[in-house]
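Novice: sequence plus predicted model, see below.
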Amino acid sequence: MSKKDKEMETPVEETAAPEAEAPAEETPKEEAPAAEVSQQTELEQAQKALAAEHDKYLRLAAEYDNFRKRSIKEKDARYADAKADTVSKFLPVYDNLERALANETSDEAYKKGVELIMAELKKTMTGLGVEEFGENGDAFDPNAHNAVMHVENEELGENVIAQVFQKGFRIGDKVIRHAVVQVAN
């Protein structure tokens, strides 16, 4: 290698001073707190927006839960109303069978058949949760009984059923048909 080549390979020190790094622009001390305040304001706004969205979510969830419960309650009420309506359609059949049993007949097979039909109808109604009410001697309840006559009877107390003309029926607390009665005063 020649001397010239060696000179070229060795680094040459620069005589000129390297470019000085540009001094970082110093922000005035007043601007730094303004930036922090700006960030805090943004953070507070974001937190408020998050809280508002969370509140909306909770309200929507509660509204949905209320809707679900109301739907179940309405469905159950529709079922109970349909059952009560259906049972009320069979009550004239019940009344006719009861009248048939009250009449005397010489045909024992006929009477036995009517008794079996009545027993089956009562069993079916009991299975549906239907209760009959309105017996002689029961206390008169204007919510369950329909008083069509009054009688003075010293043997019976006040507001006691003296005679039942037509039995009443209910499912749970819901009266399907009021009992038609005579009340003693």
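Specialist: Noted; the coordinates are in hand. Residues are numbered from 1 along each chain as shown.

Novice: following the lowest-mean-pLDDT helix or strand in the chain, which helix or strand shows up next?
Specialist: When each helix and strand of the chain is scored by mean pLDDT, DSSP states H and E, helix 3-9 comes last, with a mean of 53. Sequence-wise, the next helix or strand downstream of helix 3-9 (DSSP states H and E) is helix 31-102.

Novice: packing partners of that next one?
Specialist: Under the contact definition 3 or more C-beta pairs under 8 Å, 6 or more residues apart in numbering; DSSP states H and E, helix 31-102 sits against helix 108-127, strand 168-171, strand 174-177. For glycine as for every other residue, the C-beta is placed from the backbone atoms N, C-alpha and C.

Novice: same thing but 10 Å
Specialist: Applying 3 or more C-beta pairs under 10 Å, 6 or more residues apart in numbering; DSSP states H and E, we find helix 31-102 packed against helix 108-127, strand 130-133, strand 160-166, strand 168-171, strand 174-177.

Novice: ok, which of these comes nearest Val37?
Specialist: Among the helices and strands packed on helix 31-102, strand 174-177 comes nearest to Val37, with 66.9 Å by C-beta to C-beta.

Novice: give the contact list for Val164.
Specialist: 133-138, 145, 179-182 (C-beta atoms under 10 Å, 6 or more residues apart in numbering).

Novice: mind redoing it with 7 Å?
Specialist: The contact partners of Val164, taken as C-beta atoms under 7 Å, 6 or more residues apart in numbering, are 134-136, 179, 181.

Novice: outside of stretch 128-146 itself, list whatever touches it.
Specialist: For stretch 128-146, contacts defined as C-beta under 7 Å, 6+ apart pick out 83, 87, 147, 159-164, 167-172, 175, 178-181, 183.

Novice: how far does it sit from the chain's center?
Specialist: Averaging C-alpha positions (C-alpha atoms, centre = their mean, to the nearest Å) puts stretch 128-146 30 Å from its chain's average.

Novice: what of stretch 103-117?
Specialist: Distance, centroid of stretch 103-117 to centroid of chain: 48 Å (C-alpha atoms, centre = their mean).

Novice: one more: stretch 46-56?
Specialist: Averaged C-alpha coordinates place stretch 46-56 at 29 Å from its chain's average position (C-alpha atoms, centre = their mean).

Novice: extract the CA atoms of that stretch and return them as PDB.
Specialist: Listed next in PDB are the C-alpha coordinates belonging to stretch 46-56 (Å, rounded to 0.1, in the frame of the first residue of the first chain):
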ATOM      1  CA  ALA A  46     -63.500  11.100  28.800                       C
ATOM      2  CA  GLN A  47     -64.400   9.900  32.300                       C
ATOM      3  CA  LYS A  48     -67.700  11.800  32.200                       C
ATOM      4  CA  ALA A  49     -68.400  10.300  28.700                       C
ATOM      5  CA  LEU A  50     -67.600   6.800  30.100                       C
ATOM      6  CA  ALA A  51     -69.800   7.400  33.100                       C
ATOM      7  CA  ALA A  52     -72.700   8.500  30.900                       C
ATOM      8  CA  GLU A  53     -72.300   5.500  28.600                       C
ATOM      9  CA  HIS A  54     -72.100   3.200  31.700                       C
ATOM     10  CA  ASP A  55     -75.300   4.800  33.100                       C
ATOM     11  CA  LYS A  56     -77.000   4.300  29.700                       C
END
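
Novice: no further questions, thank you.
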